[in-house]
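> show me the folded form of this:
(3 chains)
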Amino acid sequence: MGTLCIQLRTGTMMNMDTNVAVKLAKAALDKGHKVMMFGYGEGVFLIKEGQDPKRFPNVGKEVEALAKEGLEVAVCETCCIARGFKRGEEISGTKIGSITNDFSRMASEADRLVTIAR
Amino acid sequence: MSILFVLLKAPHEYHSLDAMAALGGDDKIGALLLEDATLYAVFKDKKDEIVDAADEIFVMGEDLQARGFRLRPEDGFQEIDYPRAVDLIMEDYDKTITL
Amino acid sequence: MAESLLVLITKGPYGLEEAFAGARLALGCKVSGIMENAAILLIGDGTLNACMGQRSEAVGMPSNLAALQDFMDLEGVIYCVEQDLHQRVGEAEVLEGVNMITWDQAREVIGSYQLVNTF
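Model (predicted):
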């Protein structure tokens, strides 16, 4: 089994990029691959706690569940600060991290990298 | 080498698929169409463009179905699901490039 | 396991943050000590990021040129597809140190990196 790194750079609403990233992560986990996701730019909102869309899938809940199944998730702290997303507001089991420490390591461990962005 | 190009945007959001052909060169080129990019399989003026640019074209079935369309067997597109997409990414192709 | 990452920049400067974000990501990888073999390839509108004469202060944005220079200051390698730049703006002065290459050479670059991260 291999290791997949997904980099997500779009937000959780207004398009389905995040849904695609989460579905891909789940399918890869189900096949026994190791999966890591890194949120960059708008992609940091993937792990914002308290997401409550009325009619759309709650990707926050999905990510929380996948994290319990082994999905590793980190997002860029600089991007979070720029958007007023504070440490402590992240979903349990996920991490506000950095490119230097987290994305670089994820990429180095990955067999494949998929960019989900516009 | 083989490259799987991941496309997420609607056909008319791409100026052209020249970048796919230029990046892929003589390599085996696959196109994984997700979200609005699945419309490449149904837009009359765009279908030929992607057929010319890629050796294999994979269409996420649920995205196309959500938009009310289905593939025509004679067009040569392959309908896939997420588990198959994972196999394409992890096993069938050497690397992925999102455009 | 991957030891090399190519940041592929396809978007031009200032309309979108993509190119700046790509340059900063490449820089972050370079300084990480984990993914030091990171390079940047400019194609399409992304080639405009290498053009001299940018005045990012005119729109109150950080400089994409400076972001590319920061990467090169750490011995990061930047490639730019000359044909794409010429197609768009003709002859243009580009940032010193950027490697102007053909599409054939760009394909070789892509082939030599294990992961490609598009911006």
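
> so which bits of the longest helix belonging to chain B are buried?
Using DSSP state H to define each element, chain B has its longest helix at helix B:44-53. Neighbour-count burial for helix B:44-53 flags B:46, B:47, B:49, B:50, B:51, B:53 (criterion: 16 or more other C-beta atoms under 10 Å in any protein chain shown). All C-beta atoms are positioned from the backbone trio N, CA, C, and that covers glycine.

> and those as CSV, adding pLDDT and distance to chain C?
As requested, those are exported to CSV (pLDDT from 0 to 100; distance: C-beta to the nearest C-beta, whole Å):
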residue, pLDDT, distance to chain C
B:46, 93, 19
B:47, 94, 23
B:49, 94, 16
B:50, 95, 18
B:51, 94, 22
B:53, 94, 15
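
> closest to residue A:28 out of those?
residue B:50 (25.1 Å; C-beta to C-beta).

> so who does the residue lying closest to the closest one once chain neighbours are set aside touch?
Distance criterion C-beta to C-beta, 6 or more residues apart in numbering or on different chains; nearest residue to residue B:50, sequence neighbours excluded, is residue B:40 at 4.5 Å. By C-beta atoms under 8 Å, 6 or more residues apart in numbering or on different chains, residue B:40 lies in contact with B:7, B:11, B:31, B:33, B:46, B:47, B:49, B:50, B:57, B:59.

> can you say which two of those residues are spatially most distant?
B:49 and B:59 (14.7 Å).

> can you show me the helices along chain A?
Going by DSSP H, chain A shows helices at A:17-30, A:59-68, A:77-82, A:104-109.

> so which of those gets nearest chain C?
helix A:104-109 (3.6 Å; C-beta to the nearest C-beta).

> can you list the residues of chain C near chain B?
C:8, C:10, C:43-44, C:103-104, C:106-107, C:110-111, C:114-116, C:118 (C-beta under 8 Å from any C-beta of the partner chain).

> of these, keep whichever come out buried.
C:8, C:10, C:43, C:44, C:103, C:106, C:107, C:110, C:114, C:115, C:116, C:118.

> still on that earlier bit, just the ones in helices from the residues of chain C next to chain B, please.
Going by DSSP H, the helices hold C:103, C:104, C:106, C:107, C:110, C:111 from these.

> show me the beta-bridge partners of the closest residue to the third one other than its chain neighbours.
Nearest residue to residue C:106 in three dimensions, chain neighbours excluded: residue C:81, at 5.2 Å (C-beta to C-beta, 6+ apart). With DSSP bridges applied, residue C:81 shows beta-bridge pairing to residue C:101.

> brilliant, that's me finished.
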